[in-house]
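Undergrad: Starting from these lines, generate the structure:
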Amino acid sequence: MQKIPLMLAKSGMTLARDVFRGNSPIGMPICGKGTELTDSLIARFENMDVQTVHVEGHPVWEEGERSFDDLVLELNDRFSKTLQEPLNAMLYEIYKAYLIKSMGGDSDRQAE
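TA: Model (predicted):
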C-alpha cells in the first residue's frame, strides 16, 4: 500500500483504504477500499478537496526512494549475525513479508 498525492493517481489504480472528504477519517467514506480509480472518480475527488489516496502496491516511485531489492539487502545485512536465533529468524520473516506486501510484490518474490 502506498499513500500518494491525488495528482499522481491514475486510472486503473485500486484504493487500499476508504477515501473520506477532505482526507478526514470522520464521517462516512465517499469511496470504498478496493475501488478501481477512473478519470471521472479522480476528478470527483479533486472537487471534494481530497488531497491524497492510499493505493494498492507501490505504483509511484519518488526520487530518493530505495527499491525493494535494496530494502531486502539492508534487511539481510541487519539480521546476518543473528538469523540462527529462532526469534530473530521469525522477526526477519515477518518484516520481509511486510516489505513484499507493502511494495506491491507477490508472495513468490524472493531476494537473496
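
Undergrad: all contacts plus neighbour counts: C-alpha atoms, from now on.
TA: Fine.

Undergrad: domain ranges for the protein?
TA: 2-55, 68-102 (automatic domain parsing).

Undergrad: Now mean pLDDT and mean neighbour count too, for these, in TSV please.
TA: Converted to TSV, the domains of the chain look like this (pLDDT from 0 to 100; neighbours: other Cα atoms under 10 Å):
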stretch	mean pLDDT	mean neighbour count
domain 2-55	88	16
domain 68-102	88	14
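
Undergrad: now the strands for the protein?
TA: Secondary structure of the chain (DSSP state E): strands located at 2-5, 52-55.

Undergrad: Relative to Pro25, which of the ones you listed is closest?
TA: Among the strands of the chain, strand 52-55 comes nearest to Pro25, with 12.0 Å by Cα to Cα.

Undergrad: In CSV, list the C-alpha atoms belonging to the closest one.
TA: Output of strand 52-55 as CSV, limited to C-alpha atoms (Å, rounded to 0.1, in the frame of the first residue of the first chain):
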residue,chain,number,x,y,z
THR,A,52,-4.1,12.0,-1.0
VAL,A,53,-5.3,8.5,-1.5
HIS,A,54,-3.9,5.1,-0.4
VAL,A,55,-3.5,2.7,-3.4
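
Undergrad: Gln51 is in contact with Ala9, isn't it?
TA: No: taking contacts as Cα atoms under 8 Å, Gln51 lies outside contact range of Ala9: 10.5 Å.

Undergrad: pretty sure Val19 contacts Gly32?
TA: Yes: between Val19 and Gly32 there is a contact at 6.4 Å, judged by Cα under 8 Å.

Undergrad: Please tell me how far Arg21 sits from Asp49.
TA: According to Cα to Cα, to the nearest Å, Arg21 and Asp49 sit 7 Å apart.

Undergrad: what's the answer for Leu8, then?
TA: Relative to Asp49, and taking Cα to Cα, Leu8 is found at 15 Å.
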